[in-house]
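Asks: Turn this into a model:
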Amino acid sequence: MAIKGFTLLELVIVIGILAILGTVTVLVLNPAQFFAQGRDATRFQDLSNLNGALATYLATVTGPDMDGGTNSCSTLCYVGASGVAANCGGRHGTKTTTEDLTREVDGNGWVPVNLGAIPGGAPLAILPIDPINDATYFYSYACDNTAKTFELDANLESARYANTGTDDKESKDGGTDADVYELGTAPGLSL
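Replies: You can find the predicted model right below:
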């Protein structure tokens with residue numbers, strides 16, 4: 001009885017075909033963009049949750065304070081990352097960047113609003129931070145304590161959601177900066 005099997009040449013051909021298919025799949029699907037889109041989806045959800053919490057705070061707290069009693073809404077923007085350039089990376093006009101790496105919701109975190117003052121407690125357990133959270137990809141907060149308005153911003157990284165992408169969210173969010181995703185209650189998102 002003869003033993004049948006694959007020859008070395010047949011195995012090399014099959015391995016070569018699999019390598020070509022694998023390479024084509026990676027080039028077509030571009031997994032780096034899938035990961036970037038996933039991080040952008042996290043950014044949308046985080047800012048939506050924080051936007052909702054701040055809107056609830058404004059609607060339910062008597063005498064809401066948007067800057068933690070520091071009267072700094074007119075001069076500061078707030079970030080939860082380190083090494084961020086002036087004006088929160090150029091996002092908020094002439095405001096000075098203030099960095100706070102803490103995530104407390106009691107007004108001592110990077111967003112200086114006491115969400116714990118909301119009747120029933122804070123709707124967030126901790127303040128969100130960007131999935132990458134470095135000097136390029138970070139969340140920022142600016143406010144107008146007189147008008148009781150605010151703006152939340154984030155850089156998007158995927159080619160799909162960034163400015164001029166197929167599902168552009170940055171230039172179509174109603175804000176003044178076409179290269180940043182903006183959300184909030186400030187008219188024109190111009191803080």
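Asks: can you pull the contacts of the most centrally placed residue in the chain?
Replies: Nearest residue to the geometric centre of the chain (CA atoms, centre = their mean): residue 43, 3.4 Å. Neighbour list for residue 43: 130, 131, 139, 154, 156, 181 [criterion: CB atoms under 8 Å, 6 or more residues apart in numbering]. Any C-beta I mention is one placed from the backbone N, CA and C, and that applies to glycine too.
Asks: what do you get for residue 61?
Replies: Taking CB under 8 Å, 6+ apart, one finds 117, 118, 119 in contact with residue 61.
Asks: ditto for residue 93
Replies: Taking CB under 8 Å, 6+ apart, one finds 87, 191 in contact with residue 93.
Asks: ok so, going back, for the residue nearest to the centre of the chain, pull up the helix or strand it's in.
Replies: Using DSSP states H and E, residue 43 sits within helix 31-60.
Asks: what does the model give residue 7 for pLDDT?
Replies: We note a pLDDT of 84 for residue 7 in this prediction.
Asks: Let me know how buried it is, in neighbour terms.
Replies: Using other CB atoms under 10 Å, residue 7 has 8 neighbouring residues.
Asks: Can you select the buried ones from the contacts of residue 61 in PyMOL?
Replies: Buried residues within the contacts of residue 61, by 16 or more other CB atoms under 10 Å, are selected in PyMOL with:
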select buried, resi 117+118
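Asks: List just the nearest of the contacts of residue 61 to residue 51.
Replies: Distance ranking of these against residue 51, using CB to CB, places residue 118 first at 14.1 Å.
Asks: Could you measure from the closest one over to residue 105?
Replies: Per CB to CB, to the nearest Å, residue 118 is found 9 Å from residue 105.
Asks: Give me the common contacts of these two.
Replies: Contacts common to residue 118 and residue 105, judged by CB under 8 Å, 6+ apart, are residue 53.
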